[in-house]
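**Student:** sharing a model prediction with you, sequence too.
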Amino acid sequence: MDGAKATFRTATAADVPALVALVERAYRGDASRAGWTTEADLLGGQRTDPEGVAAVVDASSGRMLVAEVDGTLAACCQVEHRGDHAYFGMFAVDPGRQGGGLGRVVLNEAERLTRDEWGAAEMRMTVITAREELIAWYVRRGYARTGEKSPFPYGDERFGLPKRDDLEFELLAKKLT
């Protein structure tokens, strides 16, 4: 299992190009279809850009966590400290490594970090509601669907080019204590 061999570190500015490529591979275009997290049928265009990733890497309120397997970038996620809770986002696992447990290991490390280092009592994230399989994966890991919805940012190409007109986000949350 890839997850068992993962080592973690905080991303640096030098990682930004590789992180952008990883996130794009995991979610957009034909390369993303090798894994199960693709959004290619929902969204075209970009998932992120160098400026967006650099902002996460440079943020004083959080960090971009990088998982490496055999010295190679294999996964990443954003964790942001927001007082009593933490936000989890920009989660990507290389499509060729999906399904082997690496995503679960990365999520567990993000939860450990935010609970043990920041004292966050809860982890929150937003997921596109049309991603039922992904939401089910998070629910199996203890996240609850809150029913709290927010609109998809239609017209802002930084988040992709929607292929449907019914996209929205749902807030998921998990108590970490």
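**Tutor:** The structure has been received and is ready for your questions.

**Student:** which SSE is Glu80 in?
**Tutor:** Using DSSP states H and E, Glu80 sits in strand 72-82.

**Student:** give me the contacts around that strand.
**Tutor:** 2, 6, 11, 15, 18-19, 22-23, 56, 59, 61-68, 86-94, 97, 102-103, 106-107, 110, 113-114, 118, 120, 124 (C-beta atoms under 8 Å, 6 or more residues apart in numbering). From N, CA and C alone the C-beta is placed, and that goes for glycine too.

**Student:** out of these, list just those in helices.
**Tutor:** With DSSP state H as the criterion, helices contain Ala18, Leu19, Leu22, Val23, Val56, Leu102, Gly103, Val106, Leu107, Ala110, Leu113, Thr114 from among the contacts of strand 72-82.

**Student:** what is the nearest of those to Lys163?
**Tutor:** Nearest to Lys163 among the ones in helices among the contacts of strand 72-82 is Val23, at 18.5 Å by C-beta to C-beta.

**Student:** just give the number of residues close to that closest one.
**Tutor:** 21 (other C-beta atoms under 10 Å).

**Student:** which residues touch Gly52?
**Tutor:** Arg158.

**Student:** do you know how far it is from Asn108?
**Tutor:** 25 Å (C-beta to C-beta, to the nearest Å).

**Student:** now do Pro95
**Tutor:** 21 Å.

**Student:** of the two, who's got more company?
**Tutor:** Pro95 (19 against 12).

**Student:** tell me who's in contact with that one.
**Tutor:** Shown in contact with Pro95 (C-beta under 8 Å, 6+ apart): Arg25, Ala26, Ala31, Ser32, Arg33, Ala34, Gly35, Thr37, Thr38.

**Student:** contacting residues for the third one?
**Tutor:** Contacts for Ala31 (C-beta under 8 Å, 6+ apart) come out as Glu24, Arg25, Pro95.

**Student:** phi, psi for it please.
**Tutor:** phi -60, psi -30 (degrees, to the nearest 10).

**Student:** mind showing which ranges of this protein have poor pLDDT?
**Tutor:** Within the chain, the ranges that satisfy pLDDT under 70 run 1-4.

**Student:** would you list every one of the strands in the protein?
**Tutor:** With DSSP state E as the criterion, the chain has strands at 7-10, 43-44, 62-69, 72-82, 85-93, 122-128, 144-151, 161-162, 168-175.

**Student:** now the angle from the third one to strand 85-93?
**Tutor:** Spelled out, that is strand 62-69. Interaxial angle, strand 62-69 versus strand 85-93 (axes from the mean of the first three to the mean of the last three C-alpha atoms, to 10 degrees): 30 degrees.
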